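> Build me a model:
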Amino acid sequence: MATTDTLNYCYELLGNSTKYDECHKRNIIGRAYYHAFYEVRHHLEQRLLWPVTKTKCGAHEKVYSRLSGYPAGSTSEMIQKRAAEIKNRIQKLKRFRTTADYHLHLTISNQLINYILHESSQISEEISRL
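You can find the predicted model right below:
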C-alpha cells in the first residue's frame with residue numbers, strides 16, 4: 001500500500017455519506033493522522049536516515065524523536081527549524097486523533113475535518129522537501 005492511499009481514502013470517505021456521521025468524521029481524523037505519520041516515518045527512515053533519539057517510548061514517539069535526529073554538523077538551521085515545525089504539527093494532529101478517539105462527548109465539525117485533511121497533506125509535502 002502506498003502512503004498516499006491513506007489520504008486519498010480520507011477524501012473518498014469525506015465524499016460519502018452515512019447515518020453514522022460522528023463515527024465517520026472520527027474515522028477520517030484517524031486516517032488523516034496516519035497518512036501524515038506514515039509519510040514522516042517513511043522519509044525519516046528511508047530517505048533522510050535520521051536516527052531515533054528517544055528509545056524508551058512508543059512507536060509514535062520514536063518517529064517524532066527522529067525529527068530531532070538530524071546530523072547537526074551537516075544540517076542547516078533552516079532544515080532543523082522545519083523539522084521542529086513538522087514535529088509540532090504532527091504531534092498536534094495526533095492530539096486531534098486522540099481527542100476524536102476518546103472524547104466522544106465532543107462534536108466534530110466539518111471545518112475541523114477540512115483543517116486536519118489539509119494539515120496532513122501539508123505535512124506530507126513538507127517532509128518530502130526536507
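> switch to C-alpha atoms for all contacts and neighbour counts from now on
Fine.
> Same question for stretch 60-69: list its buried residues.
62-69 (16 or more other Cα atoms under 10 Å).
> Oops, could you answer that again for stretch 100-112 instead?
Buried-residue list, stretch 100-112, by 16+ other Cα under 10 Å: 100, 108.
> Any idea which residue is closest to the centre of the chain?
Ala36 (3.0 Å; Cα atoms, centre = their mean).
> contacts for the host helix or strand of that residue?
Element membership of Ala36, judged by DSSP states H and E, is helix 21-42. With Cα atoms under 8 Å, 6 or more residues apart in numbering as the test, helix 21-42 has contacts from 3-4, 6-7, 10, 13-14, 18, 60, 63, 90, 93-94, 96-97, 100-101, 107-108, 113, 116-117, 120-121, 123-124, 127.
> Can you name the residues that contact Gln80?
68, 70.
> sorry, back to before: so of the buried residues of stretch 60-69, which ones are in helices?
Cross-referencing the buried residues of stretch 60-69 against helices under DSSP state H gives 62-66.
> who's in contact with Phe96?
Contacts of Phe96 by Cα under 8 Å, 6+ apart are Ile29.
> hmm, 10 Å instead?
Listed by Cα atoms under 10 Å, 6 or more residues apart in numbering, the contact set of Phe96 reads 26, 29-30, 33, 90, 112-113, 116.
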